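Engineer: The sequence isn't on hand, but the structure is:
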């Protein structure tokens, strides 16, 4: 845009310099020279006005394109943000389910372990009672043997 302004300034300056030189070296009368100056200045003004109008149209087009691109980028960013939020929500939900399920599984494992311990205690207690009865029977048998052997002597 600054290049176009420089070009416009150069065009206007060149036109003015050209008009001044034409006046200085023109073999015309003062009236004809003034008429020629008016015509040249109108031509120069029209050319400058046309260039300015073109610059304004181009500036409007650039602004509109910038707005369209910004709007497009905004929509894309909004879509990506929406997708990211949905993905984060799904991951959080799955994580909560895993935590809930692991808690239930841990409770199940704990209950199973408790059941196994209780069964082990029962079996141990039953074996202990049998062992105690066997030891008592052995002690009694020994006593009977010892006492019975004393009686036989």
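Structural biologist: Structure's in. What do you need? Computed from a predicted model, the values in this text were never measured in an experiment.

Engineer: ranges for the helices of the protein?
Structural biologist: Taking DSSP state H to define them, one finds helices in the chain at 2-25, 30-152.

Engineer: Confidence-wise, which of the ones you listed is weakest overall?
Structural biologist: When the helices of the chain are ranked by mean pLDDT, helix 2-25 comes last with a mean of 73.

Engineer: any idea of the angle that helix forms with helix 30-152?
Structural biologist: Orientation check (axes from the mean of the first three to the mean of the last three C-alpha atoms, to 10 degrees): helix 2-25 against helix 30-152 gives 170 degrees.

Engineer: Show me which parts of helix 2-25 are buried, residue by residue.
Structural biologist: 8, 15, 19 (16 or more other C-beta atoms under 10 Å). Quick note: C-beta positions are derived from backbone N, CA and C, even for glycine.

Engineer: contacting residues around the last one?
Structural biologist: Shown here is residue 19, whose contacts under the criterion C-beta atoms under 8 Å, 6 or more residues apart in numbering are 37, 40, 41, 44.

Engineer: Could you do the first one as well?
Structural biologist: Under the criterion of C-beta under 8 Å, 6+ apart, the contact partners of residue 8 comprise 48, 51, 52, 55.
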